[in-house]
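In: turn this into a structure:
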Amino acid sequence: MTSTAVQWRRVTVVDGADRREILVSTASPLSDSLRNEGIDLESRAVVVIAADGSRIDVSRVSTVADGALLTVVEPRPAGQAKPSPRRQALPGEYDFSGATWVLAGAVAIIVTVVAALAVDPVDAGTGSLRFVAAAVFGLIALASIVATGKPGTGFSGVSLVVPAMLAFSAGFLAIPTTLAASVHLGIFAGLAAAALTAAGVHVRQAGTIASGATGLVTVTIAVLAALFAAALVLGLDPSVAAALAAGAAPVALRVLPTFCLDIPEGQLLEYGEFMRNRWTVRGAIPDGSHPVTAAGMRSTMTRARLQLRAGTVLFSLVPALVLPMLLVAPGTGVISDVATIVLVATIVASFLLSPRRANSPLLRWAPRVGAALVALEFTLVRGLADPGVLGLVAAATVLAVALLVAATMVPIARGTRSLGISRTADILETMATALSFPAAFVAATMIDVLRGAVS
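Out: Numbering: from 1, shown residues only. Alright, predicted model coming up:
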């Protein structure tokens, strides 16, 4: 009489949202092992599928390999009608119900621009109107935090843009024009109010998939406010802060994808298994790993995707919003003028070449639109304000470079592939991104500031 040695196989069984590791005996049917682990096979019609898609007969003796993945599937009966699809708003999709809030934000920005360009802003009547407008926009900004940032009802990009726009207008208009450096102080006050409003939206979205995008917007606006505040305290022109912010935008856009996907440290490495010597045992051990589920990964990827989209749009628009302050500032020398031309050229080249790796229309076209706005602003301001040879040559050069790069994008978009062109574009993009902040440093006359500080 011979006896068969019982062997055990460790397999992973996925049953809906339940995922478990079990031991399967090779001396009994697979159904017995599944029932012993509490997997229901009698009260419902189920099918067990292997990792390669083949169906497994659970009534036969198990022949699965060690480490196999088994999926319990409950097929739909043939006569059951498929539920009618209902279109749901995707996270981050534009919500047309927020058109009223978008209109309010646009009106606030228009009023702010008109007030900043007013010919006689010291008039008493104008000052009263500014205060009234600031109070109205401030109240609307507070209302927009509650109205556009409702958690659990679908996230809309309106909550990222409109409250900050309204708060910036309120803060800018609240600064009296009779103060010294009122425009610079108004920009700082507007950015500070916008950062506080964005923080309010972030608090309302805490714990949701939109928290990454709202946190990124809040931190970016706060950094801009701190930059303009530092320039104000040091007695520098606002064009200095504008140049530094514009030069940092290509670098921020380049490193943005590395910060969007947030995976806990303990998920990738069990630190507790290695932190045993005297130098690491006193450190804080990160949380251990947890089972990876489809729902969890979907939430993580959606959060990262929203953060990437919000950051791409924000960093693409920052140069177009702040460069006019640098372009209209009085020139301080030939070196700063040349550095400004280099800064504009590097921003345009970096923004036009960086979207080649993007897989979404928004990620591809947001930097290109930002590059077009920067080139257009430079051409108009320098071409009209400085009709000399240097201004015309600089404007024509930047415009020609922008058109050349844009023209090369057309055959690439149609499917033309060239390894040489791709490598050349990578080199140009890397050089433009690396030179953007040094060019901004020189354009902001920070060399003269440092020389005066250490002299």
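In: what mean pLDDT does stretch 145-159 have?
Out: Here stretch 145-159 scores 69 as its mean pLDDT.
In: residue numbering should commence at 5 henceforth.
Out: Sure, I'll start counting at 5 from here, so that last one is stretch 149-163.
In: and the end-to-end length of that stretch?
Out: 7 Å (C-alpha to C-alpha, to the nearest Å).
In: which residues touch stretch 27-38?
Out: 8, 10-15, 17, 26, 45, 52, 60-68 (C-beta atoms under 8 Å, 6 or more residues apart in numbering). From N, CA and C alone the C-beta is placed, and that goes for glycine too.
In: can you report phi and psi for the residue nearest to residue 196 when sequence neighbours are not counted?
Out: Using C-beta to C-beta, 6 or more residues apart in numbering and skipping residues adjacent in sequence, the residue nearest residue 196 is residue 229, 4.8 Å away. Per-residue torsions, residue 229: phi -60, psi -40 (degrees, to the nearest 10).
In: picking that back up, which of the contacts of stretch 27-38 are buried?
Out: 13, 15, 17, 26, 52, 60, 62, 66, 68 (16 or more other C-beta atoms under 10 Å).
In: and the fourth one, what pLDDT?
Out: Note on residue 26: pLDDT of 80.
In: over to the third one?
Out: At residue 17, the model reports a pLDDT of 82.
In: that one: which element?
Out: Using DSSP states H and E, residue 17 falls within strand 12-19.
In: what's the spacing between that strand and its chain's center?
Out: 39 Å (C-alpha atoms, centre = their mean, to the nearest Å).
In: what sits against residue 307?
Out: Residue 307 neighbours (C-beta under 8 Å, 6+ apart): 213-216, 266.
In: so which of those residues sit within helices?
Out: Judged by DSSP state H, helices contain the following of the contacts of residue 307: 215-216.
In: could I get the contacts of residue 307 in JSON lines, plus columns for distance to residue 222 and pLDDT?
Out: JSON lines is the format used below for the contacts of residue 307 (distance: C-beta to C-beta, whole Å; pLDDT from 0 to 100):
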{"residue": "213", "distance to residue 222": "16", "pLDDT": "82"}
{"residue": "214", "distance to residue 222": "12", "pLDDT": "83"}
{"residue": "215", "distance to residue 222": "10", "pLDDT": "84"}
{"residue": "216", "distance to residue 222": "11", "pLDDT": "85"}
{"residue": "266", "distance to residue 222": "16", "pLDDT": "75"}
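In: farthest pair in the contacts of residue 307?
Out: Using C-beta to C-beta, the contacts of residue 307 span at most 13.9 Å, a distance reached by 214 and 266.
In: quick one: residue 205 and residue 218 touch, right?
Out: Yes. At 5.2 Å, residue 205 and residue 218 qualify as touching, with contact defined as C-beta atoms under 8 Å.
In: so what's in contact with those two at the same time?
Out: With C-beta under 8 Å, 6+ apart as the test, residue 205 and residue 218 both reach 163-164.
In: dihedrals phi and psi, the residue nearest to the spatial centre of the chain?
Out: Centroid check for the chain by C-alpha atoms, centre = their mean gives residue 315 as the closest residue, at 2.4 Å. The phi/psi pair for residue 315 (degrees, to the nearest 10) reads phi -70, psi -40.
In: again with residue 52
Out: phi -100, psi 120.
In: coming back round to it: buried subset of the contacts of residue 307?
Out: Applying a neighbour-count criterion of 16+ other C-beta under 10 Å, the buried members of the contacts of residue 307 are 213-216.
In: can you give me the buried ones in the helix or strand harbouring residue 306?
Out: Per DSSP H and E: residue 306 is located in helix 298-331. Under the neighbour-count criterion of 16+ other C-beta under 10 Å, helix 298-331 has 304, 306-331 buried.
In: hang on, the earlier thing: which one of the contacts of residue 307 is nearest residue 379?
Out: Ranked by distance to residue 379 (C-beta to C-beta), the contacts of residue 307 are led by residue 216 at 31.1 Å.
In: what residues does the closest one make contact with?
Out: Per C-beta under 8 Å, 6+ apart, neighbours of residue 216: 264, 266, 307-308, 310-311.
In: farthest pair within those residues?
Out: Applying C-beta to C-beta across these, the maximum distance is between 266 and 310, 12.3 Å.
In: send the alpha carbons of the strand holding residue 17 over as PDB?
Out: Taking C-alpha atoms only, strand 12-19 is exported to PDB below (Å, rounded to 0.1, in the frame of the first residue of the first chain):
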ATOM      1  CA  TRP A  12       0.700  22.600   0.000                       C
ATOM      2  CA  ARG A  13       0.700  25.500  -2.400                       C
ATOM      3  CA  ARG A  14       0.400  29.100  -1.200                       C
ATOM      4  CA  VAL A  15      -1.900  31.000  -3.600                       C
ATOM      5  CA  THR A  16      -3.600  34.400  -3.700                       C
ATOM      6  CA  VAL A  17      -7.400  34.500  -4.100                       C
ATOM      7  CA  VAL A  18      -9.300  37.600  -5.200                       C
ATOM      8  CA  ASP A  19     -13.000  37.500  -4.500                       C
END
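In: that strand pairs with which strands, parallel or anti?
Out: strand 22-29 (antiparallel), strand 73-77 (parallel) (DSSP bridges).
In: how about those strands, which one is nearest residue 452?
Out: Once those are compared by C-beta to C-beta, strand 22-29 is nearest, at 62.9 Å.
In: which parts of that closest one are buried?
Out: For strand 22-29, a neighbour-count test (16+ other C-beta under 10 Å) marks 26, 28-29 as buried.
In: flag every buried residue along whichever helix or strand comes after it.
Out: For strand 22-29, the following helix or strand on the C-terminal side (DSSP H and E) is helix 34-40. Residues of helix 34-40 classed as buried: 34-38 (neighbour count, 16+ other C-beta under 10 Å).
In: hmm, back to that, of the strands paired with strand 12-19, which is nearest residue 384?
Out: Per C-beta to C-beta, nearest to residue 384 of the strands paired with strand 12-19: strand 22-29, 59.4 Å.
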